[in-house]
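1. structural data only, the sequence is not supplied:
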Ligand SMILES: NC(=O)c1ccc[n+]([C@@H]2O[C@H](COP(=O)([O-])OP(=O)(O)OC[C@H]3O[C@@H](n4cnc5c(N)ncnc54)[C@H](O)[C@@H]3O)[C@@H](O)[C@H]2O)c1
């Protein structure tokens, strides 16, 4: 196991009715900016619950954060912070709203060009306005990590950043607010969490027994509960387990002390930057092709994943790996997520553009061995057409 630091300061308030507890979490003297998206939080009554919990406080609202949140929109919220003397941010929504809030929180205290935050991957961030979150979509883990991904349509770029200053102070996770999610978003959430786990697990053996065991349990939970969450949308225990699984998938716990990949994410981001395909769907396209392409470097973990997650134990090694990749692809397809580039209107001709964009964005040495180049990504994508 590698050396590691693990520090996660986010206070989780989990369960039914927990939005009411916001009153004890948001500082009493704070001037709060509530950040939300395109209207689902209003429609579903989550914003009403938030307003009720914070009645009597000074609240300003900023709606309109897009899925795959936009740089320009976030900058408008930064202006509001200055104008209104905001001292605390509250994100109400899914990963897009939470990611945007992290960027807004950091940009509000950054003196230079806010785009530097993305191009430096967060290293220029020296502080952030404190913020909490009310999560409405289990998927990204953004509610308990310090990462964020922002899209700049003008530059055709979707870039991530991380900063220790960008952990939420608290996050409220009420599984009941996820009942209103359309099947497409539930499936996306399951696939996104699944690939987060894979990025931290499916690399090479590092004698990290606990991390591997946790990762395998989380994967098996998603395989069992993903379809159930679609079949019985108001089953509390299914939604509660799904929500906590998605958080644990990317809160630093299973990634501590192990090699990490993240190449499916970086390649997937370029697909979203190209045509706004849902984040999770880009991952479901890239991952099976990448697993097949990288079957050499990932051999031991592919066999372990096949055995411990899919119970694939018969046949020679390559036959087991083939069956494991097929099981992964079939799982995505079984929850309604297509796994070929053509399903998302990405043609062979677009692959040149994606490979060039990876190069332009400095994504030239991806994966756990820093060995996946834009040319390798091109080969992987050609196999995913
Ligand atoms: N920070 C991280 O660690 C991290 C990790 C993975 C992905 N991401 C990023 O997060 C973004 C995706 O976030 P997401 O998957 O949570 O989706 P999202 O936040 O983009 O939301 C998707 C849609 O679901 C709707 N929605 C949200 N909650 C709802 C509810 N309870 N009922 C009905 N509709 C609801 C939203 O209005 C939106 O239209 C992408 O930009 C991705 O790159 C971030």
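-> Alright, I've got the coordinates. Because the structure is predicted, anything quoted here is derived from the model rather than measured.

2. hey, let's count contacts and neighbours off CA atoms from now on
-> Will do.

3. quick one, helices of the stretch 201-350 of the chain?
-> Under the criterion DSSP state H, counting those that start in this stretch, helices of the stretch 201-350 of the chain are mapped to 209-231, 236-249, 263-275, 279-293, 299-310, 317-334, 348-360.

4. how far off centre is the longest one?
-> It stands for helix 209-231. 16 Å (CA atoms, centre = their mean, to the nearest Å).

5. what residue in the stretch 251-385 of the chain comes nearest to the ligand?
-> residue 279 (5.4 Å; CA to the nearest ligand atom).

6. number of nearby residues for that residue?
-> Residues near residue 279, counting by other CA atoms under 10 Å, number 22.

7. please renumber the chain so that the first residue is 182 from this point on.
-> Sure thing, new numbering starts at 182, so read that last one as residue 460.

8. next one: it from residue 381, what distance?
-> Using CA to CA, to the nearest Å, we find residue 460 at a distance of 18 Å from residue 381.

9. same question, residue 191
-> Residue 191 is 21 Å from residue 381, by CA to CA.

10. between the two, which has more neighbouring residues?
-> Ranked by neighbour count (other CA under 10 Å), residue 191 and residue 381 place residue 381 first, with 25 against 17.

11. number of residues surrounding the closest residue to that one other than its chain neighbours?
-> Sequence neighbours aside, residue 441 is the residue nearest to residue 381 in space, at 4.6 Å (criterion: CA to CA, 6 or more residues apart in numbering). Residues contacting residue 441 under the criterion other CA under 10 Å number 20.

12. got a list of what residue 441 touches?
-> Taking CA atoms under 8 Å, 6 or more residues apart in numbering as the criterion, residue 441 is in contact with 380, 381, 382, 384, 548, 549.

13. ok, the closest residue in space to residue 447 that isn't next to it in sequence - how many residues close by?
-> Counting by CA to CA, 6+ apart, residue 447 lies nearest to residue 544, which is 7.3 Å off, once chain neighbours are set aside. Using other CA under 10 Å, residue 544 has 19 other residues around it.

14. you'd agree residue 544 is in a strand?
-> No - under DSSP: H, G, I helix; E, B strand; the rest coil, residue 544 sits outside any strand and is assigned coil.

15. quick revisit: save the helices of the stretch 382-531 of the chain as TSV, and put in mean pLDDT and distance to residue 340 too.
-> TSV is the format used below for the helices of the stretch 382-531 of the chain (pLDDT from 0 to 100; distance: least, CA to CA, whole Å):
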stretch	mean pLDDT	distance to residue 340
helix 390-412	98	26
helix 417-430	98	21
helix 444-456	96	8
helix 460-474	98	12
helix 480-491	98	28
helix 498-515	98	25
helix 529-541	95	11
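
16. output the ones you listed as CSV; include the columns distance to residue 291.
-> Output for the helices of the stretch 382-531 of the chain, formatted as CSV (distance: least, CA to CA, whole Å):
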stretch, distance to residue 291
helix 390-412, 36
helix 417-430, 28
helix 444-456, 25
helix 460-474, 28
helix 480-491, 42
helix 498-515, 40
helix 529-541, 25
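
17. out of those helices, which is closest to residue 235?
-> Nearest to residue 235 among those is helix 417-430; the distance by CA to CA comes to 24.2 Å.
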